[in-house]
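I would like the atomic coordinates for the input below:
(2 chains)
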Amino acid sequence: MKPVFVIDINKCVGCRACEAACTIEHGQYFIISRTGVGLPQYAKKRTVVLWEERDEPGRVGRRFVSYLCYHCEKTPCLEVCPTSATFKTPEGVVLVDKYKCVGCRYCIMACPYGMRYMPSRAEVGEAEHGLEYLKDAKEGAKYGGVLFQPPVPNKWAVRLNVVDKCTFCYHRKEGDKLWTPACVEVCPTGSRMFGNLDDPNDPVAELVRSGKAKPARPSAGTGGLVCYVGL
Amino acid sequence: MLRGAMTRGQVVFWVLLVAGIVLMAYGGYYIYLRQTLGIVGWAWGLMVVTYVFFALASTGSSIVNTIHTVYGYDGAFGKYIRYTVYVSLATVLPAFPIIISDLGAPENFAWMFLGFNPTSRMAWMGVLYVLFALILLVELIAEIHKKGGRGIGMLTLGLAVVIISVVTHSNLGQIFGSAYGIPGWFGPFMAVLFIASALMIGFALQTIALMLADVINFGQVRPELRELVSRVHIKGMLTMIGVYVFMAFWYHMAAFYSPPMALASQEVLWGRFAGEFWGIEVFLGLVLPLIILPIALKRRSVGLAALAAFLLIVGQFFGKVSLTASGQIGRILFDASLTQKAYYAEHLIADFKSEFFGEAPALAFAVGLWLVLFALGVKLLALEEGEKPKRLLIFR
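Residues are numbered from 1 along each chain as shown, chains lettered A, B, ... in the order given. The predicted structure follows:
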């Protein structure tokens, strides 16, 4: 199985449900008021949706572009990792073993796309500051608010002081079946899609095979498992 | 009254020791807070610059020593070789606590060796740096116990030191050179630029250290040191300034053939670090030494040479600051241009700079540790020519 992640820019409405699902899935607190301040490296999140304004003749408007780790085929972050904490699964998903990572941030320097980051203490569930947010959320729930509860902690959840990145929700994988990442599950417009390149009948994989979905920056020469439609 | 009770050497010794302890306490407290509060950001800041600087100074000083240990030039070098080897060793040591405390999770450090990744320059750095420090210790012991002239054994050891020094510092350059995400660093330039810088810092560091050692132990600069500094160190610094300027010029020229790399270069030449670059690195660190050093040579003045050496060291340190910071700022600007978030770039750069320069106390710790190691070593180790150690192979 070779997973592939396709993002259709034309379908994204910028609701950021994907960001919320991702942060909750991995033990961070989603703060809606914190708008995107750039790529995951600066926003300190696994995935971000950035608003991009267009002001070109005949193409004035706004669009929303999602960013997450591209799980490169030629992997600069894996090459530089001194402790082998960064590794690739047989499916090609690039992961970080949180118990081997020393937090040297060399992979952040090596990633040409800015998709790795150091988690912020204020947004990680295990941190003291986070408990304050949780208290507020619990109070809000009494008055009809929705309280997102972090799921059972998984091996790839966010940990303080070590580098973090998108895992394609690898902890959801069961056996040889294709799984669904949390952000794909909650996307209301189907802008985020997940498929299997090895499956000839997979409609998501077909977008890649037909050339409709393309890699973000082919000039960087790393390849990867994430493609965009309409970028 | 205190001044009257102590010799000049004792005053210098105590000033260095107390200043070192105070700086270590200040920097140590910051390191403690950094680790316990978990305030490690994404950037490579002043702690990485400090590590790089001490590594360059140490490898540079070791390569300078080969003038005597490998090429056999004696002059007055033979009289001071134990001191200069010790200076290299004392300079390599502060880099260890700094780089380990820069890590977000130093408790996982054992994986640097257990999970050794041969494609990672940083993994190799861990091995080479330990090896380099050990070989320097062996060299110091051998120099102290050497009988008669420099035989084949000492020559072999000298060669081993020069090989490990060059490999270590080239590998250090390529830690930056293999960072694919930072166009301002990526490529073969860094190792080349670093070797010129390392030699320059090596000559400068030895000039200051030898002067202080003479004053601590003898209350004055001895004629042999005037001879050594005039013949070797002043000329070495002058030569390496020329080489460094040549290499730095072509580094910046090369940047203009690659737009992402040019973003970093512009930051140094006329951007946010232009003040540090032209004012500190170029004027204080290169132009003033170029004026002072010929005067020092003519007058055979170790004091003037040490002043020029100090300026040169300050200039080179700021050079590493601007090189490290501008590469990362160039990356922020490049990312912002891709994501059409240029208006956020200034905000991100302000965050980056506060993170980068917020690590300044760690520099104080490293300098303090160096001062303590140097002052104690000069006082306690058998570093004088012909002196026999009485305790633990190297102690007086």
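
name the element the residue lying farthest from the centre of chain A belongs to?
For chain A, the C-alpha farthest from the mean C-alpha position belongs to A:P57; by CA atoms, centre = their mean, that distance is 32.7 Å. Per DSSP states H and E, A:P57 falls between elements, in no helix or strand.

so where's chain A uncertain?
Applying pLDDT under 70 to chain A picks out residues A:29-37, A:122-134, A:137, A:145-153.

again, 90 this time
Residues of chain A that meet the criterion pLDDT under 90 lie in A:15-16, A:20-45, A:50-63, A:119-161, A:174-176, A:216-221, A:230-231.

thinking again about what came up before, pull up the gap between the residue farthest from the centre of chain A and chain B, please.
Distance of A:P57 to chain B, given as CB to the nearest CB, to the nearest Å: 17 Å. C-beta here means a position set from N, CA and C on the backbone, and glycine is covered the same way.

Which residue, neighbours along the chain excluded, lies closest to A:F194?
A:V184 (4.7 Å; CB to CB, 6 or more residues apart in numbering or on different chains).

Residues of the stretch 1-150 of chain B that sit close to chain A?
By CB under 8 Å from any CB of the partner chain, the residues of the stretch 1-150 of chain B that approach chain A are B:37-44, B:102-106, B:108-109, B:111-112, B:114-117, B:119-123, B:125-126.

Pull out the buried members of those.
Buried members of the residues of the stretch 1-150 of chain B next to chain A, scored by 16 or more other CB atoms under 10 Å in any protein chain shown, are B:38, B:40-44, B:102-106, B:108-109, B:111-112, B:115, B:117, B:120-123, B:125-126.

among the residues you listed, which are in strands?
When these are checked against strands using DSSP state E, none is located there.

what secondary structure does the closest residue to B:A123 other than its chain neighbours sit in?
Leaving aside its chain neighbours, B:A123 sits nearest to A:P82 (3.8 Å; criterion: CB to CB, 6+ apart). Here A:P82 is coil, with the state taken from DSSP: H, G, I helix; E, B strand; the rest coil.

ok, residues contacting the helix or strand harbouring the residue nearest to A:F194?
Here A:V184 sits within helix A:182-186, counting by DSSP H and E. For helix A:182-186, contacts defined as CB atoms under 8 Å, 6 or more residues apart in numbering or on different chains pick out A:5, A:17-22, A:24-25, A:47, A:68, A:169, A:172, A:192-194.

In terms of helices and strands, where is B:Q10?
helix B:8-37.

elements contacting that helix?
On a contact count with 3 or more CB pairs under 8 Å, 6 or more residues apart in numbering or on different chains; DSSP states H and E, helix B:8-37 meets helix B:95-102, helix B:189-218, helix B:360-380.

Now do the helix or strand just after it and helix B:360-380, the angle between them.
Following helix B:8-37 in sequence order, the next helix or strand is helix B:46-69 (DSSP H and E). Helix B:46-69 runs at 30 degrees relative to helix B:360-380, counting by axes from the mean of the first three to the mean of the last three CA atoms, to 10 degrees.

Could you check what's spatially nearest to B:F116, not counting adjacent residues?
With CB to CB, 6+ apart as the criterion, B:F116 has its nearest non-adjacent residue at 5.3 Å, and that residue is B:A123.

Surely the one you found touches B:L114?
No - taking contacts as CB atoms under 8 Å, B:A123 lies outside contact range of B:L114: 10.9 Å.

intersection of neighbour lists for the two?
Common contacts of B:A123 and B:L114, defined by CB under 8 Å, 6+ apart, comprise A:T83.

for the residue of chain A found nearest chain B, what are its contacts?
Closest to chain B within chain A is A:G103: 2.1 Å, counting by CB to the nearest CB. A:G103 makes contact with A:118, A:161-163, B:40, B:103-106, B:108, according to CB under 8 Å, 6+ apart.

Same list (these) but as a markdown table, adding distance to A:N201.
Converted to a markdown table, the contacts of A:G103 look like this (distance: CB to CB, whole Å):
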| residue | distance to A:N201 |
| --- | --- |
| A:M118 | 41 |
| A:N161 | 44 |
| A:V162 | 39 |
| A:V163 | 37 |
| B:V40 | 46 |
| B:L103 | 47 |
| B:G104 | 44 |
| B:A105 | 44 |
| B:P106 | 50 |
| B:N108 | 44 |
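
in a helix, that's where B:V162 is, yeah?
Yes - remark: B:V162 belongs to a helix, assigned using three-state DSSP.

residues near it, how many?
Around B:V162 there are 18 other residues, counting by other CB atoms under 10 Å in any protein chain shown.

same thing with B:V314?
For B:V314, the neighbour count with other CB under 10 Å is 15.

I'd assumed B:L288 was in contact with it.
No - counting by CB under 8 Å, B:V314 sits too far from B:L288 to count as a contact (10.1 Å).

roughly how far apart are B:K147 and B:V314?
41 Å (CB to CB, to the nearest Å).

Hmm, I typed the wrong one, I wanted B:Y343.
36 Å.

which residues touch B:G115?
A:82-85, A:100.

and it, backbone torsions?
phi -110, psi 30 (degrees, to the nearest 10).

For B:G27, which non-adjacent residue is spatially closest?
In space, B:G27 is closest to B:F365, 2.5 Å off (CB to CB, 6+ apart).

show me what contacts that neighbour?
B:F365 touches B:23-24, B:26-28, B:30-31, B:94, B:97-98, counting by CB under 8 Å, 6+ apart.

Swap in 6 Å and give it another go.
Neighbour list for B:F365: B:24, B:27-28 [criterion: CB atoms under 6 Å, 6 or more residues apart in numbering or on different chains].

Going by neighbour count, which of those residues comes out on top?
B:G27 (25 neighbours).

Could you double-check that that one lies in contact with B:L363?
No - assessed by CB atoms under 6 Å, B:G27 is found out of contact with B:L363, at 7.2 Å.

what's residue 8 in contact with, if anything?
Looking at chain A here, since you left the chain open. Per CB under 6 Å, 6+ apart, neighbours of A:D8: A:191, A:229.

my bad, the chain I had in mind was chain B
With CB under 6 Å, 6+ apart, B:R8 has these contacts: B:G219.

I'd assumed A:K45 was in a helix, is it?
No - A:K45 is assigned coil when assessed by three-state DSSP, not a helix.

Pull up the gap between it and A:Y228, please.
In terms of CB to CB, A:K45 sits 19 Å off from A:Y228.

Also B:Y26?
Separation of B:Y26 from A:Y228 (CB to CB): 50 Å.

how about the helices of chain A, start to end?
A:17-25, A:40-43, A:76-80, A:106-110, A:128-142, A:182-186, A:203-209 (DSSP state H).

how about low-confidence regions in the stretch 201-350 of chain B?
The stretch 201-350 of chain B contains residues with pLDDT under 90 at B:219-220, B:250-268, B:270-276, B:330-350.

which non-adjacent residue is nearest B:S258?
B:P183 (6.3 Å).

so which strand or helix has that neighbour?
Taking DSSP H and E as the definition, B:P183 sits outside all helices and strands.

Surely it touches B:M261?
Yes - B:P183 lies in contact with B:M261 (CB under 6 Å); the separation is 4.5 Å.

what is in contact with these two at once?
With CB under 6 Å, 6+ apart, B:P183 and B:M261 have no common neighbours.

I'd like to know how far B:L159 sits from B:L140.
Taking CB to CB, one finds B:L159 at 16 Å from B:L140.

Next, find the distance separating A:L207 from A:L197.
Distance, A:L207 to A:L197, using CB to CB: 11 Å.

Repeat that for B:S301.
Separation of B:S301 from A:L197 (CB to CB) stands at 72 Å.
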